[in-house]
Structure formats: structure tokens, C-alpha cells
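A.B. asks: I would like the atomic coordinates for the input below:
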Amino acid sequence: MLKTIYTTALLTIIFIANAQQKVCVAFYNQENLFDTINDPNKNDEEFLPEGKYKWNTEKYTNKLNHMAQVIASMNEGKGADFIGMCEVESVNSLFDLSRNKKLKSMDYKLVFFEGADERGIDNGFLYKSSLVKSVVGKTYEVNPEGLGGDHTRNILMAEVTLKNKEKVYFLVNHWPSRREGEKESEFKRKYVASEVRKICDDIYKTNPKANIIVMGDLNDEPTNLSVIASLGAIGAMSQTKNNILFNTMYALAMDEQGSHKYQGKWGMLDQIIISANLLNEKSKVQFVKESAQVYKQDFMLETAEKYKGNPLRTFVGNKYLNGYSDHLPVMIYLNIGK
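C.D. replies: Predicted structure coming up:
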């Protein structure tokens, strides 16, 4: 009798495990994924064969191979299932990346919109078509008046309907940089954060239990006002209720981990933030607790003693390093119920 009970319990555990599919969600700043074609409507002159960086077919191919290598190595070598990106110049460069020989077998589909960014870079999104029923892409332009007249990257939304009919709203971001100074430019990031908040609130009006994932290079830390106050994302899972968002990268940042290094200090500029329903144990889409991580492999890092462990970049100044990106990817896992 006891043996029968143990056998039944084991079968129940196996059934529960098989009823869920674990998927990898990532974000990766591509550090200038420019193609080599001159677009008269963009400020892409530096990334042309005759430009500042002598950006030719060989360098572009190297870049595609390297970014594809990182993406393919994620998720225990199975590749990220959903991945948001920033610093992508064109739909052509994103398509070329998705069809790279290292990624081709994963059958990625893409979502991309041209925006009004002054550098001509935009956000993009790749997803494995085998996991979804349908995807609707939208783009939200950020009003320059809220940025002191400047243009910035559009907010990209991929409304994904999974095979289990659950919807997940992915919001891909690249907030204004700190180039003018952190305090001087803070109002811009707070403004964009408030625009993202409005999008989330509109989704909540339709579905208070919506599955929302905000991801991106926010150019701010999880503790900055743009993230905590303007967006409403906190680091305490137990306090994440209703329309409050949970920042999966908060604890890592408190542990002094980071996705970007500046003046010898790591910063958690790249973040993945989720809605409360993804923490609900009864939800058909659940965040795998403690799965958040900064993804890095030895091949992505500097080996020279002075900079050892830093992200191996494509360029430092004008010097071509033939590397990857100045940012490291961030990622989480979700369990998808049947």
C-alpha cells in the first residue's frame, strides 16, 4: 500500500512537471548593430565603409556572428525563446541576425519599427514561432516636448498570444542616456518611464491580471526614481500586488552585479520588470523565482589583465576590438502551463 502511494505521488510530480514548459526571456543591447547600407534618412555615416569606423561587410558579418553566438548559447544552448534588443539600425540588420547560421534552425520571427531616434537606432524583438499562436506588434513614439525637444527611441510592444492562449505583453525600451550628466538628463528618463506606465495602465484597464514584461536598457538603476516612482517597479516580491511591477534585477543590483561597466563600476542599466500576475502561483504564465541573471560567458569578456572581466566591445573609441557588446544580456525564465 505504501509503495502504491509513493508511486502515485511520483507520477503526480512528473505530470505537473510535464504540464509546464520552461522558456527563456532575455534582453540584449546590441551596441550599434548597423548594416553597411547608407540610409539618407538616418545618421548612419559613421557606420559605412567610408565612415569613421570603416564599417564594411567583413566587420558587419563578424558582428552578426558574435551577437548570434551569444543568443544561441543562452538557455543551455537552446537559444533565448523571447529576446528584446536595442541599438538595432534597421529591419534588415535584425533580419540578417535572425537568419544567421547560428540561429537559423531556431526559426526566429521578428518585430521591428522605425523610429525617430536621432542616431537612427531602434528597438527590436525576436521570438521562436513554435511557441506562439500569434503576435501583434505596436510602436509608441515618445513626444519630444517631454524631452526638451529631443527625440528618443520608440517604445516597442509585442502582444504575444501563446499556444496555451495566454497573452504576454512585451514592452521593449531604450531610455535616454546620461551623456549630458545623470541629473541633467534625469527628467527625460522619468518622462519615458511615465509613458511606459501609461501603456501598462491601459493594458490593465482591459485585463487587471495581465502578463506584462517591461525590458530594456533603462540607463538608470533599479533604485532610481524613473524606475521606482515613474514606472512603479519595486524590488520586494511580497509587496508586488495589483498594478505594482516587480523588478527581477533589483536583488542582483543590491548584490553589486551589473550589465554594464562604467569607470570601473558595474551598473544594472539593463532590466526585466514583470507584472504581479506572473508571480501568481495559479497563473498559466509564471516567473521562475530566483531565475533572474546577468548572462555572461568567458568568450564575451575581456582577457587583458587591465580590463579582465569587462564586456568585450566591438569598438573602444575608434579602435576595433572585433568583440560583442559593451553591455551584457539579462535574462529570466518563465513556466508556461498547458
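A.B. asks: low-confidence ranges in the protein?
C.D. replies: Within the chain, the stretches with pLDDT under 70 are 1-18.
A.B. asks: mind listing what's buried along the biggest helix by length in it?
C.D. replies: For the chain, the longest helix by residue count, based on DSSP state H, is helix 182-206. Neighbour counts over helix 182-206 (16 or more other Cβ atoms under 10 Å) mark 185-186, 188-193, 195-197, 199-200, 203 as buried. All C-beta atoms are positioned from the backbone trio N, CA, C, and that covers glycine.
A.B. asks: now do the helices in this protein.
C.D. replies: Using DSSP H, helices in the chain cover 2-18, 57-77, 91-98, 182-206, 225, 250-254.
A.B. asks: quick one: closest of these to T303.
C.D. replies: Nearest of the helices of the chain to T303, taken as Cβ to Cβ: helix 57-77 at 15.2 Å.
A.B. asks: by contact count, what packs against the closest one?
C.D. replies: Applying 3 or more Cβ pairs under 8 Å, 6 or more residues apart in numbering; DSSP states H and E, we find helix 57-77 packed against strand 20-33, helix 91-98.
A.B. asks: hang on, V91 packs against L110?
C.D. replies: Yes: judged on Cβ atoms under 8 Å, V91 makes contact with L110 at a distance of 7.4 Å.
A.B. asks: more neighbours, these two?
C.D. replies: Ranked by neighbour count (other Cβ atoms under 10 Å), V91 and L110 place L110 first, with 19 against 16.
A.B. asks: who does the more buried one bridge with?
C.D. replies: L126 (DSSP bridges).
A.B. asks: so it versus K128, what's the distance?
C.D. replies: From L110 over to K128 the distance is 11 Å, taken as Cβ to Cβ, to the nearest Å.
A.B. asks: can you check I273 too?
C.D. replies: Taken as Cβ to Cβ, the span from I273 to K128 is 22 Å.
A.B. asks: which residues does the residue nearest to E118 when sequence neighbours are not counted contact?
C.D. replies: Closest residue to E118 apart from its sequence neighbours, by Cβ to Cβ, 6 or more residues apart in numbering: H151 at 5.2 Å. By Cβ atoms under 8 Å, 6 or more residues apart in numbering, the contact list for H151 reads 115-118, 142, 144.
A.B. asks: again, 7 Å this time
C.D. replies: By Cβ atoms under 7 Å, 6 or more residues apart in numbering, H151 lies in contact with 116-118, 144.
A.B. asks: ditto for D298
C.D. replies: By Cβ under 7 Å, 6+ apart, D298 has no neighbours at all.
A.B. asks: what's the neighbour count on the closest residue to Y169 other than its chain neighbours?
C.D. replies: Of all residues not flanking Y169 in the chain, I212 sits nearest, at 4.8 Å (Cβ to Cβ, 6+ apart). By the criterion of other Cβ under 10 Å, I212 has 24 neighbours.
A.B. asks: now swap in the one 4 residues further on and tell me
C.D. replies: As a burial measure, G216 scores 27 neighbours (other Cβ under 10 Å).
A.B. asks: and it, bridged to which residues?
C.D. replies: The partner list for G216 in beta bridges (DSSP bridges) reads N173, Q271.
A.B. asks: measure it to Q286 for me?
C.D. replies: Distance, G216 to Q286, using Cβ to Cβ: 22 Å.
A.B. asks: W266 touches Q257, doesn't it?
C.D. replies: Yes: the pair W266 / Q257 is scored as a contact, 6.4 Å apart, by Cβ atoms under 7 Å.
A.B. asks: spit out the contact partners of F112.
C.D. replies: Listed by Cβ under 7 Å, 6+ apart, the contact set of F112 reads 88, 91, 94, 122, 124.
A.B. asks: nope, F246 is what I meant
C.D. replies: If you count contacts by Cβ under 7 Å, 6+ apart, then F246 has 233-234, 237, 240, 273-274, 276, 279 around it.
A.B. asks: buried ones in stretch 305-313?
C.D. replies: Going by 16+ other Cβ under 10 Å, stretch 305-313 has these buried residues: 310-313.
A.B. asks: check stretch 111-127 too.
C.D. replies: Buried residues in stretch 111-127 (16+ other Cβ under 10 Å): 111-113, 115, 117, 119-127.
A.B. asks: please apply the same query to stretch 214-230.
C.D. replies: So, applying 16+ other Cβ under 10 Å, buried residues of stretch 214-230: 214-222, 224, 226-228, 230.
A.B. asks: re earlier: quick check, nearest of the contacts of H151 to V132?
C.D. replies: Closest to V132, out of all of the contacts of H151 and judged by Cβ to Cβ, is D117, at 27.7 Å.
A.B. asks: for the closest one, which non-adjacent residue is spatially closest?
C.D. replies: Of all residues not flanking D117 in the chain, R153 sits nearest, at 4.9 Å (Cβ to Cβ, 6+ apart).
A.B. asks: do the same with N29
C.D. replies: Nearest one to N29, counting by Cβ to Cβ, 6+ apart, is H327 at 3.7 Å.
A.B. asks: wait, what's in contact with the one you found?
C.D. replies: Applying Cβ under 7 Å, 6+ apart to H327 gives the contacts 29, 31, 217, 259-260, 270, 311.
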